[in-house]
Structures are given as C-alpha cells and as structure tokens.
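**Student:** Output the structure for:
(chains A and B)
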Amino acid sequence: MNPSLLEIEGLKTYFFTKAGVVRAVDDVSFTVARGEVLGLVGESGSGKSMTGYSIMGLIDPPGRVVAGQVRLQGRDLLTMGAEDLRQLRGNQIAMIFQDPMMTLNPVLRIDTQMIEAILAHRKVSHTAAREQARAALAKVGIPSPDERLVAYPHQFSGGMRQRVAIAIALLNKPDLIIADEPTTALDVTIQGQILFEMQKLTRETGAALIWITHDLSVIAGLADRVCVMYAGRIVEQGGVFDVLAQPRHPYTQGLLDSVPSRAARGARLKQIPGMAPSVLDLPPGCAFRERCGYASDACAAMPEMRPAGNAEGGQAVRCHHPLILRVTA
Amino acid sequence: MTVATRTLTRPGRTATSPLVELRGASKRFVKSLDLSARIGNLLGADVREEIVHAVDRVDLHIHPGEVVGLVGESGCGKSTLGRLAVGLLPLTEGARYWNGIPLVGLNPEAARRQQLKMQMIFQDPYASLNPRMRVVDIVGEAPVAHRIISAKARTEYVGLQLNRVGLDPTLMRRFPHQFSGGQRARIGIARALAVKPEFLVCDESVAALDVSIQAQVLNLFMELKSALNLTYLFISHDLGVVEHISDRVVIMYLGRVVESGSTPELFAAPGHPYTQALLAEVGKVVPQKRTYVPIKGEIPSPLAPPPGCHFHPRCPHAMPKCREAAPALKQIAPGRFSACHLNERGA
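**Tutor:** Predicted coordinates for the structure are as follows:
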C-alpha cells in the first residue's frame, strides 16, 4: 500500500581486523515506508548501530560494506559517488547520535552550525537560513530560541543538546531520520520529553524514522514495526504488536522475559543463559543455538527468514523451531 | 519527632531497630575560594563559596533483610546518600546508626570491623576493578588483609567466592579486561561479599548491562540475599528494576526525599506529583501506541535550587505556598511518607 521509502537488501558490513573477520552486519534486509517508525532492537554488539552507519555510508576502515543494496526511493546509496552522497546526507537522510556532542562542534555557536547545515543544501539568504534555524529550535521545544541560537553547546544541558541535534537533523526536512539510541544517556523525564517531540515531528512532517535502541519499552510505545537483531542478523521482524505480544523467535521471547517490569515483583526473572557470542569468526548456523532451549541438530545450519505468526502483517522469523502460539491466560 | 512517627508506623518492628539508619543526614560539597577569589574579595569583589546541597536533611532507615530502592534522576543526590549510608563519605550534619548504636567516636579497631559489615557495589564494572590486578587479587586482597582468612587459604577461598556468583574459579588468574561486562559485575559482587558483609549498597549496579545479562545479575542479587541474609540499599534510576527487587522505595529529588513507601503501594498509587510524573514515564513492554505527555522543564542545578519545594517549577499543581515553604516529609498513610503541600489540603 505505502510505497517503500528505503529498501535494504542483503546488507553485509564486515570488519577485517588482524584477529579475523568481524561480521558486524550479516545479510540484513528490511524496508521502511513513508511516515513509518521502525524500531531496530538488539543488545550491544548485535550490529544495530552498524546497520544505521552503513545506511549513512559512515563505515570506516577496516570496516567495509561487502554486499547488499540500500535503496532510497530506488537509488542505491552504496554505489553512489561521494559527492552525491554528501548532497543526500543531512538533506534527505539525517542521523541523530547517542551523544549529541558527536553532532555538535564544541567551539562553534549553535546558529553558525545550523545555518551552515541549511546553506550547504539550499540556496537561501543568510537571514532566511537564520530564521529557519530559529523556527527549528522552537519546534523541538527549546524556550527562547533567539537567545539560545547565540549560545555554545556547553551552555546547554544534556537534554537540550539532544534537542538541538534533533533540530539540526530536521532542518532540511529529511525523508528519513536514523536515530541511534538518542535517549539512552538521558533521564527518564527528559527521555519522555524527547519521545514526545519525536512523535509529534514525525506525525507533522511525515518523515520515516529508524529508531535504534536496546530499550524494548521505548519501541513498544513508539514504533510501528520492529526488527530484532542478534549477532549481526535480523532474527525476527514484524508489526510491533505481533512481535512483542506473540514473539516467535526464542531470543525475542527471552529478551522480553528479561525485562523486570513484566515479571511478578520479587519473582525470579526468566533469564537467557550464557552471553552473546563474539561476532568475530562466528561459527556457522544459528548464532543463538548455544543459549537456546529449543536448539536441535538442525540449528547447525543457518535458518532462512521465514514468514511466521501474523505473516500478512509481515511477521517473519529466522528460526528452525519458531515458537507456536501459546494460550495466554 | 520523625522518630516517634516512625515507631508508630511499624508496630511490629518496634522491637528491632533498623540495621542502618541515617537521621537528619546532610552532605554539602563546598568549593572553597582560591587565592585569586580571596584577593578579589579583599578588593571588594563579592565572590562567594559555591555550596552544593547534595543531600539535605534526609532520614533513611533500612531494616534487616529489607531491600530499599532509592530512585531519582541524575544529580538528585542518590549516589551521595548511598555513600553516606555505607560510610564512604563523612556526614556534614546528622547521625548514622548501626542496629540502633550511633556510629561516632569508635576506636580505630571497632571502626574497621564495623566498616567490613557494609560494602558497596559500584556502577561501572569497567572502572571499579583495577585493570592491573588479577581476579584472585581483586577478590582475595581484602579478606587476607582483614585476617578473615590466612594468606595460604586465599586461592581456595576466592574459588568459593567466584563459584557463588556464578563464575568459573579456573578464571581467577585472569585480568578484568578478559571478562565481559556481566562477568565483571559478578567480580565486583564477589569482591564485596568476600569480607562477609551484612549490608550492601548497590549503586546502579545493573545500569551498564544488557537486558538479558541484567536479568541474570538481578537473579543473582535475589539468590544471594536469601542465601546470605543480606540487606540492600539498591540505587537505580530504572523504575522497572526497582519495582522488581525492592520491598520499599524512596524517591529523591534534588537532595531531598519526596516520597517513600512500600513498593506495591507506591507504584499503585503514587502520591507526590514528581513520583506520578516519574511513574508515567516507566516504559511498559506492552505494545501500545502511547502519546508521550512529558513533564515540563528540567532538573534545576543543585547549586541554585529553587526556593520552597524544589519541584514547584515543574509541578502541574504548584500553588503560591510551594514557592515559599519547603513541605515537610509527613506520614500520609501507614508506612507512606510524602513531602507535598497538597497532602494538607486533603486532610
């Protein structure tokens, strides 16, 4: 129904280190439609941030995108020249990082940085650009934007800095925003404020959003669809309601069971045994099988992504033994 | 007066005094004037000392076997209060009690033995372990130094400690960097337990861990509590974790306790507007599109806290009175304490 804005097919990003090949992103495919919020969930080292960086073309050596396609409105970003990509970044696609100081230059005033971002992509006068910057700051809920424009990043609190970073991402009305754990370092009340602004902005502008996080509760409240990553691969994807309420992959189920607020107070949490494997020279087969209660000999071969559960809703799972529907009391 | 109300609230508990108690505890950090500022003052510049009221007249009591959750946002003084409770920082004002006995003027030997009964587990499993020491030294140093075990028994003793926290004892010759985050958290726990403490302060001890590892470590905390009869002060900003593990919750805002009560009651019916706002932000992993309704504003700087109730600039119910007088922490129901002027209106 909705034409896909972004299509990723068979994306592989490997890091060639002295110790061996790190398959950070391994055969990742998904699509994002206009106005959609896609949650990319996983634990540290699962490759969720590297997927975001690969889309933006921000992989540095020894890392390299070795295979796959990343198509934004049909144009492949991976084969695009550096100059074309530069025109796209900050214009059609924008990224918000976990640490806003990664986005902001500490020695430049906010107005300098914002106006530069506008003038890099639009032919407008300096005055008009300044006015747009002011409007963007007001839009993300920064009080007295005129005074804040002439401030330096260190004069802002953590939450306000993240708002500035979001304002910069929004300046050129991007079609796609990639947000990499933007609220992880913030306090809960400030996180609530940022989520509120993001929700409002995506609704107003119709921009698609890829929200990368380890926090399932944020995904539950914000996302339309979700991809769960484990050891560089997507292990389950689908509508947020399907995946979180009726997970089909044992890892998704284990992840959900590990969240304390779902268990009875004081009761033992259902834990996933062991720890995530190193993606350095990962053995073939399902990466989760060492920790999985359902593993069998079949799991020595890598399972394909197969429709499961609400397949019409796009739910799919990479597992030889997908969980069957259990009767919930 | 607070002592009297407390005894009233816990009729069954009057016989046992709290294991750890802080009365009227305050901690102020003062940045004293440097030479240039003092010269400036001589010349008539009005440079003042900067004083941070990190903890402001807080009463805290923890009964034996209890898990008390201490919740607040960054800069609210929860870590400082934890350090005061465990004795890592001296109190600026107030008094500290252990089993009802004031902890002042102990002779060095008694103070040393007292300190062993309280241990702390730190937030950062990377920064709180010496990278140049092997695990056997990290865990075994303190029990040998305090003559809990002989130096000869160290290897065997450390093996037992590691086993108890779910680590393979054959790894004890390794260095901290050879372990994952979750394993390092376990080493920190083993180190704290090696001196046989009765009371543990866990300062954001699971905050740095992935959710599946966090569940393992939370389970370990619960197992150790029942196996070793431990009492915890569990400091966290994660309300989901606190709700799961604590018997009682204390909510702090800018150096003061704003509300406390038993976990089920407080989570079911938060009384203080700040607690209400905090709980509204607790993520539930129930897929449901939510509309985020944030509380306004930011946490003020503890260098210049607002007058009256510290929360009034962000409070949706603020009245003129809130700007003038700080509300006292009063009992609003058995075992429930709240510091808010709204409580008086209802009564």
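**Student:** give me the beta-bridge partners of the residue positioned nearest the centre of chain A?
**Tutor:** Centroid-nearest residue in chain A: A:I212, 2.5 Å away (criterion: CA atoms, centre = their mean). Per DSSP bridges, the residues bridged to A:I212 are A:L40, A:D180.
**Student:** remind me which residues of the chain are low pLDDT?
**Tutor:** Reading this off chain A. Counting by pLDDT under 70, chain A contains low-confidence residues at A:1-2, A:262-263, A:325-329.
**Student:** The chain in question should be chain B.
**Tutor:** Residues of chain B that meet the criterion pLDDT under 70 lie in B:1-15, B:283-294, B:345-347.
**Student:** so A:H121 sits right up against A:N172, yeah?
**Tutor:** Yes - with contacts counted by CB atoms under 8 Å, A:H121 reaches A:N172, the gap being 5.1 Å. Heads up, the C-betas are built off the backbone N, CA and C, glycines and all.
**Student:** Give me the common contacts of the two.
**Tutor:** Taking CB atoms under 8 Å, 6 or more residues apart in numbering or on different chains as the contact rule, A:H121 and A:N172 both touch A:G90, A:N91.
**Student:** The two: which has the busier surroundings?
**Tutor:** Neighbour comparison, A:H121 and A:N172: the larger count goes to A:N172, with 19 against 16 (by other CB atoms under 10 Å in any protein chain shown).
**Student:** what comes into contact with stretch A:65-85?
**Tutor:** With contact meaning CB under 8 Å, 6+ apart, stretch A:65-85 is reached by A:5-14, A:27-29, A:54-55, A:57, A:59, A:88, A:92-93, A:175-176.
**Student:** Buried ones in that stretch, by neighbour count?
**Tutor:** By neighbour count on 16 or more other CB atoms under 10 Å in any protein chain shown, the buried set for stretch A:65-85 is A:V65, A:G68, A:V70, A:R71, A:L72, A:L77, A:L78, A:M80.
**Student:** Compute the first-to-last residue distance for that stretch.
**Tutor:** 15 Å (CA to CA, to the nearest Å).
**Student:** what separates it from the chain centre, distance-wise?
**Tutor:** In terms of CA atoms, centre = their mean, to the nearest Å, the centre of stretch A:65-85 is found 18 Å from the chain centre.
**Student:** Quick one: the strands in the chain, in order.
**Tutor:** This is for chain A. Applying DSSP state E to chain A gives strands spanning A:4-17, A:20-33, A:37-41, A:63-72, A:75-76, A:93-96, A:176-180, A:208-213, A:225-230, A:233-239, A:305-307, A:316-318.
**Student:** oops, chain B please
**Tutor:** B:20-31, B:50-62, B:67-71, B:93-98, B:101-102, B:118-121, B:199-203, B:231-236, B:248-253, B:256-262, B:330-333, B:336-338.
**Student:** got these as CSV, with mean neighbour count and distance to chain A columns?
**Tutor:** Below are these laid out as CSV (neighbours: other CB atoms under 10 Å in any protein chain shown; distance: least, CB to the nearest CB, whole Å):
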stretch, mean neighbour count, distance to chain A
strand B:20-31, 18, 19
strand B:50-62, 21, 16
strand B:67-71, 26, 9
strand B:93-98, 16, 26
strand B:101-102, 12, 30
strand B:118-121, 23, 18
strand B:199-203, 24, 14
strand B:231-236, 25, 10
strand B:248-253, 25, 10
strand B:256-262, 24, 11
strand B:330-333, 16, 19
strand B:336-338, 22, 17
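**Student:** Chain B contacts on the stretch 201-329 of chain A?
**Tutor:** Applying CB under 8 Å from any CB of the partner chain, we find that the stretch 201-329 of chain A lies next to chain B at A:214-218, A:220-222, A:240-241, A:243-245, A:254-263, A:265-266, A:268-272, A:275-276.
**Student:** how about the residues of the stretch 101-250 of chain B near chain A?
**Tutor:** So far as CB under 8 Å from any CB goes, the stretch 101-250 of chain B lies against chain A at B:180-183, B:210-216, B:218-219, B:222, B:237, B:239-241, B:243-245.
**Student:** could you pull out the helices for chain A?
**Tutor:** Taking DSSP state H as the test, the helices found in chain A are A:48-56, A:82-88, A:100-103, A:110-119, A:126-139, A:145-149, A:158-170, A:188-205, A:216-222, A:240-245, A:250-257.
**Student:** For the shortest one, which helices and strands make contact with it?
**Tutor:** The helices and strands touching helix A:100-103, judged by 3 or more CB pairs under 8 Å, 6 or more residues apart in numbering or on different chains; DSSP states H and E, are helix A:158-170.
**Student:** what sits up against the helix it packs on?
**Tutor:** For helix A:158-170, contacts defined as CB under 8 Å, 6+ apart pick out A:94-97, A:100-101, A:103-104, A:110, A:113-114, A:117, A:133, A:136-137, A:139-142, A:148, A:153, A:156, A:177, A:182-183, A:185-187, A:190, A:193-194, A:197-198, A:201, A:205, A:207, B:298.
**Student:** at 6 Å instead, please
**Tutor:** The contact list for helix A:158-170 (CB atoms under 6 Å, 6 or more residues apart in numbering or on different chains) reads A:94, A:96, A:100, A:103, A:110, A:114, A:117, A:136-137, A:140, A:142, A:177, A:182, A:186, A:190, A:194.
**Student:** Taking the stretch 151-300 of chain A, what residue is nearest to chain B?
**Tutor:** A:S217 (2.2 Å; CB to the nearest CB).
**Student:** State the distance from that residue to B:A269.
**Tutor:** A:S217 sits at a distance of 21 Å from B:A269 (criterion: CB to CB, to the nearest Å).
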